[in-house]
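*Asks:* with the input below, show me the fold.
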Amino acid sequence: MDDAIHLEKFNHDCSRDLEVNIAKLKSIHAQNLDYFLVLDLEGRVEILEFPVMMINAKTMDVVDFFHRFVRPSEMSEQRINEYIEGKYGKFGVDRVWHDTAIPFKDVLHQFEVWLAQHHLWEKEAGGHLNRAAFVTCGNWDLKTKVPQQCKVSKVKLPPYIMEWINIKDIYLNFYKRRDLVTTFGFCNGDIRLAWVAAGFILNKATGMMTMMKELQIPLLGSHHLGIDDTKNIARVLQHMLAEGAVMQITARRNSASSENVEFLFKNRIR
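*Replies:* Coordinates of the predicted model:
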């Protein structure tokens, strides 16, 4: 994060981008956690970007951030160049990626140092997060992608990736969003189309953009640039906290079999 090219492109001005309205703190509820770690990975073949925003659960302020670009370990240089040009060229950050990307195992090591500096994690204490939890927009990041990348990079799945908060599930329940397929237990296509035409289906939290639109939060930066998406998810989190939402763990990995994940909310995005 001391790289001059990186800092030139990303000012990471969280105090401005995620400024908290003090008046809204009156509605905030006590949380079971002290910190939320908002994470939104980028990269379908291998992880390309690993951004995390640390949010204080009581004040909603951004405490710190962690942002690394990740260099794939099982792709040729030609394929990497094509991949990065297609992914980051349109954002104008492909050169920054090439100059600063490091292997995933090094990213994990640096992330663990960062966690330890904030007293959120101790390897000697079992390796679980201390009074903190990841917040993701969906289950893919931690349920699927991190385990896949760990196998590719030949590293052990970290013990702090055992549970997380899917903000879409919290959103769905806090704002009482329902889909008639869930409510009535069937999904005949013709009937569903008729319901949609008649305006009977309530919105579902299908993604970050949907939630931001419903909450009237303008998009910040570029969608699908990981650091910007992380900031926008953090803004959705701040908005929900300000309105009284309580963030609870929504998914937990089985300690005996890491491939098995238990989803803790009955009404959830599938």
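*Asks:* give me the neighbour count for the residue lying closest to Gln238 once chain neighbours are set aside.
*Replies:* Among residues not flanking Gln238 along the chain, Met60 sits closest, at 4.8 Å (C-beta to C-beta, 6 or more residues apart in numbering). (Glycine included, C-beta is placed from N, CA and C.) Neighbourhood size, Met60 [other C-beta atoms under 10 Å]: 23.
*Asks:* next one: Ile233
*Replies:* Neighbours of Ile233 (other C-beta under 10 Å): 22.
*Asks:* for Ile217, same thing?
*Replies:* 16.
*Asks:* do Leu37 as well
*Replies:* 26.
*Asks:* before we move on, what SS does it have?
*Replies:* Per DSSP: H, G, I helix; E, B strand; the rest coil, the local secondary structure of Leu37 is strand.
*Asks:* test my guess that it contacts Asn56.
*Replies:* No: contact criterion C-beta atoms under 8 Å: Leu37 and Asn56 do not qualify, at 11.4 Å.
*Asks:* re earlier: from memory the residue nearest to Gln238 sits against Ala242, does it?
*Replies:* Yes: the pair Met60 / Ala242 is scored as a contact, 6.8 Å apart, by C-beta under 8 Å.
*Asks:* Tyr171 touches Arg177, doesn't it?
*Replies:* Yes: counting by C-beta under 8 Å, Tyr171 touches Arg177, with 7.1 Å between them.
*Asks:* which one's more surrounded, these two?
*Replies:* Neighbour count, other C-beta under 10 Å: between Tyr171 and Arg177, Tyr171 has more, with 23 against 20.
*Asks:* now do the helices in the stretch 1-150 of the chain.
*Replies:* Using DSSP state H, counting those that start in this stretch, the helices of the stretch 1-150 of the chain run over residues 4-9, 14-17, 77-88, 94-100, 104-117, 146-153.
*Asks:* so who does His128 touch?
*Replies:* Trp121, Pro159, Tyr160, Met162 (C-beta atoms under 8 Å, 6 or more residues apart in numbering).
*Asks:* redo that, cut-off 6 Å
*Replies:* Counting by C-beta atoms under 6 Å, 6 or more residues apart in numbering, His128 touches Pro159, Tyr160.
*Asks:* how near is it to Trp121?
*Replies:* 8 Å (C-beta to C-beta, to the nearest Å).
*Asks:* how about the longest strand along the chain: buried residues?
*Replies:* Secondary structure assigned by DSSP state E gives strand 62-71 as the longest strand of the chain. Across strand 62-71, burial judged by 16 or more other C-beta atoms under 10 Å covers Val62, Val63, Phe65, Phe66, His67, Arg68, Phe69, Val70, Arg71.
*Asks:* now do that strand: everything it contacts.
*Replies:* The contact list for strand 62-71 (C-beta under 6 Å, 6+ apart) reads 12, 14, 18, 47-54, 56, 97, 100-104, 107, 111, 114, 227.
*Asks:* run the angle between it and helix 77-88 for me.
*Replies:* Strand 62-71 runs at 140 degrees relative to helix 77-88, counting by axes from the mean of the first three to the mean of the last three C-alpha atoms, to 10 degrees.
*Asks:* out of the helices and strands in the chain, which is least certain?
*Replies:* helix 180-184 (a mean of 43; mean pLDDT, DSSP states H and E).
*Asks:* still on that earlier bit, return the distance of the longest strand of the chain from the chain's centre.
*Replies:* Centroid separation for strand 62-71 versus its chain: 12 Å, with C-alpha atoms, centre = their mean, to the nearest Å.
*Asks:* now do it against strand 35-39, angle only.
*Replies:* Counting by the same axes, to 10 degrees, strand 62-71 lies at 30 degrees to strand 35-39.
*Asks:* strand 62-71 pairs with which strands?
*Replies:* Take DSSP bridges as the rule and strand 62-71 pairs in its sheet with strand 49-56 (antiparallel), strand 102-103 (parallel).
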